[in-house]
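Peer 1: Generate a structure from the sequence data that follows.
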Amino acid sequence: MAAPQTSATVHAAPGRPGDVAALLTTICATVPEVIAAKDRDGRYVYANPLCCAVFGREPEAVLGRTDAEIHAPAVAAVLRAADVAVMTGGTSLTCTEVVPDARFEGATRTWTSVKTPWRDASGAIVGVIVTSRDETEAHALRAERERLLEAERDARLKAERLQLLTDTLSRCATPADVVHAAIREAGRAVGSTAGALGLLTPDGERFRVVDSPLLSPDLVREWQAEPVSGPIPGAVAIRTGEPCYSRTRAEYVARDRRLAAVAARHGIEAHAALPLLVPDGEGHDRTIGVITFQFGQPRPFDADDDRYLRTVAELCAQALERTRLAAAAVAAREEAERANAVKGTFLAHMSHELRTPLNAIAGHVHLLARAVHGPVTPAQHDALQRIQRAQRHLLGLINDVLNFARLEAGEVQWRIAPVVLADAARGAAALMEPLALERGLVLAVHVDPHAAPRALADAEKLDQVLLNLVSNAIKFTPGQRADGGPGMVTMAIVADGGGHVTIEVRDTGIGIPADRLESIFEPFVQVRDDARPPEGGTGLGLSISRDLVRGMGGELSASSCIGAGSCFRIRLRAAP
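Peer 2: Sure thing, here's the model as predicted:
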């Protein structure tokens, strides 16, 4: 194959012959590219004005000189090597070159250069022709885009790891489960080689590393009674309530002479100790222990690292506290079964204590959603709405427990008076209609003109019963019936002879097995088909509702057919 030629022919318009040399000079002077030509010895025989400007020299200080006489030795060597490769190989070469920009002190520019063999009329290579385009901004944009993409990938990976950690911790039933999951999953989440979790002793003076299958027995025995006042990172984190980071092995071993052997044995090149903090119910944090992570490479622990590690520690602390509270609740329930009076008092107290921080959560979420503390993004607003729904759901569960405890303890007071049943039914329907619409259901109220319009009841407690029954009906009723029509929930006031009136709450839902119709009114029993997943709740709603109706001198009963829906009937005395 013949070598590519570099000669070109410039055609002038007919009748207007131009000076070809002048035309080429004008083109080279105006294009936004560096154009230069060098002989075989690397001496510049042509340099357009942009080339001279980039070099920061007048043309006479460029022509006849080599790159070694213009640039620093390292830059000149790279440029000369590329020139030689082009002249030796006889083919063009595209390369990226970073060259000092004499127009701005200390600045460099990134150029994409095309170097082409310069041949004479006989085809012999006599030098190199260079055209270079300034790619500094484009290169910077590409680098920034890559940085942003890498940051996005890192953030996504961290979020996935946090989600996995959250899911794992949510399934932990005991503190031992949490310890094992925290050391394993939290270590994976932060990319550590090993970790440990220590809990404060009851007196708060020492902490002990909790035994785990992931830890060597020797390590557990070695750190069983470490004073909080000591110099090791775990003690510092507990004492100060702030993370204690060792970015290098030298920083780590400098804290305590015993750590040199530990670092050598476990290959610790960086270390993080984070306090496990839980709310104390009075707006402050209480330290319950420390979680530590070891790393096989030095680590800077920058602001992003700090936020991420704090989040991991917070999740672990919440899981430990949750299992502690759950264990306390189970123990309290067992004790309550032995002493009914103590049970009622304990549950009422616990419910009150839990409602206080939940109400605080609701208040703070409301302030955040109203952008009191600064602008809120759509994603953050959505997350705040989820928190609000979870808070309201949990508050409802706690209220159920509180109401049950009060009923059990006989602390409920009744205000029996004539109540307009149609008003009570329509009021409940108005409150529950948004939930019904969300589930695609039709919610209706029917009043039998022959029924007594009023009943003897406690208006507030009747509202509570109606809301509970309608909520249950909505929860267990699909949006579409088998015949294709919409699911329905109906409240009907019907005549009931013998001086009574009945309020029926009917649905077209999944139904209740016949052998469960009585047990559903027992405490802690949920209304559901065993083939379906459990719905959220305490299983106290129907038990509380029956007790409330009975306290008003009435009765609550149910009938149902699997697949055809259920009907709950509140039978009350008619008001005179």
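Peer 1: just checking, what packs against the host helix or strand of T112?
Peer 2: If you go by DSSP states H and E, T112 is part of strand 108-119. Other helices and strands packing on strand 108-119, by 3 or more Cβ pairs under 8 Å, 6 or more residues apart in numbering; DSSP states H and E, are strand 34-39, helix 73-89, strand 93-100, strand 125-134, helix 136-170. (Each C-beta comes from the backbone N, C-alpha and C, glycine too.)
Peer 1: quick one, strands of the stretch 451-576 of the chain?
Peer 2: Under the criterion DSSP state E, counting those that start in this stretch, the stretch 451-576 of the chain contains strands at 454-457, 488-496, 500-507, 555-561, 565-573.
Peer 1: Columns mean pLDDT, mean neighbour count and distance to T96 on top of those strands, output as a markdown table?
Peer 2: Shown next, in a markdown table, are the strands of the stretch 451-576 of the chain (pLDDT from 0 to 100; neighbours: other Cβ atoms under 10 Å; distance: least, Cβ to Cβ, whole Å):
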| stretch | mean pLDDT | mean neighbour count | distance to T96 |
| --- | --- | --- | --- |
| strand 454-457 | 90 | 24 | 85 |
| strand 488-496 | 89 | 20 | 70 |
| strand 500-507 | 92 | 23 | 71 |
| strand 555-561 | 89 | 17 | 77 |
| strand 565-573 | 91 | 22 | 73 |
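Peer 1: for the nearest residue to V442 once chain neighbours are set aside, what are its contacts?
Peer 2: Nearest non-adjacent residue to V442, counting by Cβ to Cβ, 6 or more residues apart in numbering: M488, 4.7 Å away. When contacts are counted by Cβ atoms under 8 Å, 6 or more residues apart in numbering, M488 touches L441, V442, L443, A444, T477, R481, R506, D507, T508.
Peer 1: run the last query once more with 7 Å
Peer 2: The neighbourhood of M488, defined by Cβ atoms under 7 Å, 6 or more residues apart in numbering, consists of L441, V442, A444, D507, T508.
Peer 1: most surrounded residue in those?
Peer 2: Per-residue neighbour counts (other Cβ atoms under 10 Å) across the contacts of M488 peak at D507, which has 27 neighbours.
Peer 1: separation between that one and R481?
Peer 2: 10 Å (Cβ to Cβ, to the nearest Å).
Peer 1: follow-up on the earlier one: buried ones in the strand holding T112, by neighbour count?
Peer 2: Neighbour-count burial for strand 108-119 flags R109, T110, W111, T112, S113, K115, T116, P117, W118, R119 (criterion: 16 or more other Cβ atoms under 10 Å).
Peer 1: Quick check: bridge partners of the second one?
Peer 2: Here T110 sits in beta bridges with V98, as judged by DSSP bridges.
Peer 1: E97 versus that one, what's the distance?
Peer 2: Distance from T110 to E97, counting by Cβ to Cβ: 8 Å.
Peer 1: re the thing from before, sort out which one of the buried residues of strand 108-119 lies nearest P202 for me.
Peer 2: The shortest approach to P202 among these belongs to T110, at 63.8 Å (Cβ to Cβ).
Peer 1: who touches the closest one in this structure?
Peer 2: Counted by Cβ under 7 Å, 6+ apart, T110 has contacts T96, V98, E135, T136, H139.
Peer 1: Let's have those in TSV, adding neighbour count and distance to S471.
Peer 2: Shown next, in TSV, are the contacts of T110 (neighbours: other Cβ atoms under 10 Å; distance: Cβ to Cβ, whole Å):
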residue	neighbour count	distance to S471
T96	11	67
V98	13	69
E135	17	65
T136	14	65
H139	16	61
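Peer 1: which one of these sits closest to T201?
Peer 2: Closest approach to T201 among the contacts of T110 (Cβ to Cβ): H139, at 58.4 Å.
Peer 1: domain assignment for the protein?
Peer 2: Domain segmentation of the chain under automatic domain parsing yields 20-134, 142-326, 339-409, 417-573.
Peer 1: Of all the ones you listed, which one comes closest to A332?
Peer 2: domain 339-409 (5.0 Å).
Peer 1: Can you classify V45 as helix, strand or coil?
Peer 2: Applying DSSP: H, G, I helix; E, B strand; the rest coil to V45 yields a three-state assignment of strand.
Peer 1: what number of residues lie near the residue lying closest to it once chain neighbours are set aside?
Peer 2: Distances taken as Cβ to Cβ, 6+ apart put A37 closest to V45, at 5.1 Å, once the chain neighbours are dropped. The tally of other residues near A37 (other Cβ under 10 Å) stands at 18.
Peer 1: Dig out what A37 forms beta bridges with.
Peer 2: Here A37 sits in beta bridges with Y46, I129, as judged by DSSP bridges.
Peer 1: Next, the contact list for it, please.
Peer 2: Going by Cβ under 7 Å, 6+ apart, A37 touches V45, Y46, W118, G127, I129.
Peer 1: how about the residues you listed in JSON lines, adding distance to P300?
Peer 2: Formatted as JSON lines, these follow (distance: Cβ to Cβ, whole Å):
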{"residue": "V45", "distance to P300": "51"}
{"residue": "Y46", "distance to P300": "50"}
{"residue": "W118", "distance to P300": "50"}
{"residue": "G127", "distance to P300": "49"}
{"residue": "I129", "distance to P300": "47"}
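Peer 1: which among those residues end up buried?
Peer 2: Listed as buried from the contacts of A37 are Y46, W118, G127, I129; burial here means 16+ other Cβ under 10 Å.
Peer 1: Which pLDDT value belongs to the last one?
Peer 2: Per-residue confidence at I129 stands at 94 (pLDDT).
Peer 1: before we move on, the earlier item: quick check, nearest of the buried residues of strand 108-119 to L149?
Peer 2: Nearest to L149 out of those is T110 (Cβ to Cβ; 19.7 Å).
Peer 1: For T136, see how far away that closest one is.
Peer 2: According to Cβ to Cβ, T110 and T136 sit 5 Å apart.
Peer 1: cool, E518 as well?
Peer 2: 81 Å.
Peer 1: need the buried residues of strand 108-119 in TSV with distance to G281 and pLDDT, can you?
Peer 2: As requested, the buried residues of strand 108-119 are arranged in TSV below (distance: Cβ to Cβ, whole Å; pLDDT from 0 to 100):
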residue	distance to G281	pLDDT
R109	62	79
T110	59	82
W111	65	82
T112	64	87
S113	69	89
K115	74	93
T116	78	93
P117	81	94
W118	83	92
R119	87	92
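Peer 1: Which of the residues you listed sits closest to L540?
Peer 2: Looking across the buried residues of strand 108-119 and measuring by Cβ to Cβ, the closest to L540 is T110, at 69.9 Å.
Peer 1: Distance check, the closest one against R439.
Peer 2: T110 is 60 Å from R439, by Cβ to Cβ.
Peer 1: cool, and V376?
Peer 2: 28 Å.
Peer 1: Please apply the same query to R43.
Peer 2: Distance from R43 to R439, counting by Cβ to Cβ: 84 Å.
Peer 1: Same check on P59?
Peer 2: Taking Cβ to Cβ, one finds P59 at 81 Å from R439.
Peer 1: Tell me which residues are up against stretch 166-186.
Peer 2: Residues from elsewhere that reach stretch 166-186 (Cβ under 7 Å, 6+ apart): 164-165, 195-197, 210, 212-214, 291, 312, 315-316, 319-320, 323-324, 327.
Peer 1: which of these are buried?
Peer 2: Buried subset of the contacts of stretch 166-186 (neighbour count, 16+ other Cβ under 10 Å): 165, 195-197, 210, 212, 291, 312, 315-316, 319-320, 323.
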